[in-house]
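Predicted model follows, preceded by the sequence.
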Amino acid sequence: MCHVSVLLIEDDTDIRSALREVLEAEGCTVTEASDGDSGLGMLQSMDPLPDVLLLDLMLPGALNGWDVLCVKQLDERLRGIPVVVLTAAPPQEARARSLEGASLILKKPFSIPQILSVVTRMEHVKPED
């Protein structure tokens, strides 16, 4: 049983819905946002903070996933939250690997066992104080 709280920032409705359904079926708590602006706002106002951030890089609106990751890394309160970057674009994957703050990169499409394994491992990763 999963005891992880997840903030999922993903613009694709089908992916977001499927991830939420799978994670909640395993016992995770999922909060979701469809764009970087609302996702960052949620992240900044959450108390307690989520155990993990699942973050798509290509997002609509003023802030994309790169922006969310950069702002998160500048905020001492948010910096320690593990981030799993979700991307379908190989060039984005290579760039994401060089970014500070990305704990793991999952290339779309990923499998259900793969995402469950990643998220449940985050239960044992505690943000730095």
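Nice, thanks for sending it over. Computed from a predicted structure; not experimentally measured. Numbering: from 1, shown residues only.

alpha carbons only for contacts and neighbour counts from here, please
Fine.

phi, psi of the residue nearest to the spatial centre of the chain?
For the chain, the residue nearest the mean C-alpha position is L54 (1.4 Å; CA atoms, centre = their mean). Dihedral angles of L54 (phi, psi; degrees, to the nearest 10) stand at phi -100, psi 120.

Identify the bridge partners of it.
For L54, the beta-bridge partners under DSSP bridges are L8, V84.

From D37, how far out is it?
L54 sits 15 Å away from D37, going by CA to CA, to the nearest Å.

Ok, L106 next?
L106 is 22 Å from D37, by CA to CA.

returning to what we had before: wouldn't the residue nearest to the centre of the chain be in contact with I9 here?
Yes. Counting by CA atoms under 8 Å, L54 touches I9, with 6.1 Å between them.

so what sits against both of these two?
When CA atoms under 8 Å, 6 or more residues apart in numbering defines a contact, no residue borders L54 and I9 alike.

what mean pLDDT would you report for the strand or helix carrying L69?
Secondary structure from DSSP states H and E places L69 in helix 65-74. Averaged across helix 65-74, pLDDT comes to 91.

What residues of it count as buried?
Residues of helix 65-74 classed as buried under the neighbour-count rule (16 or more other CA atoms under 10 Å) are 65-69, 72-73.

Nearest to F110 among those?
Minimum distance to F110 across these is 18.2 Å, recorded for G65 (CA to CA).

would Q44 count as being in a helix?
Yes. Q44 forms part of a helix when assessed by DSSP: H, G, I helix; E, B strand; the rest coil.

so who does it touch?
Q44 sits next to L78 when contact means CA under 8 Å, 6+ apart.
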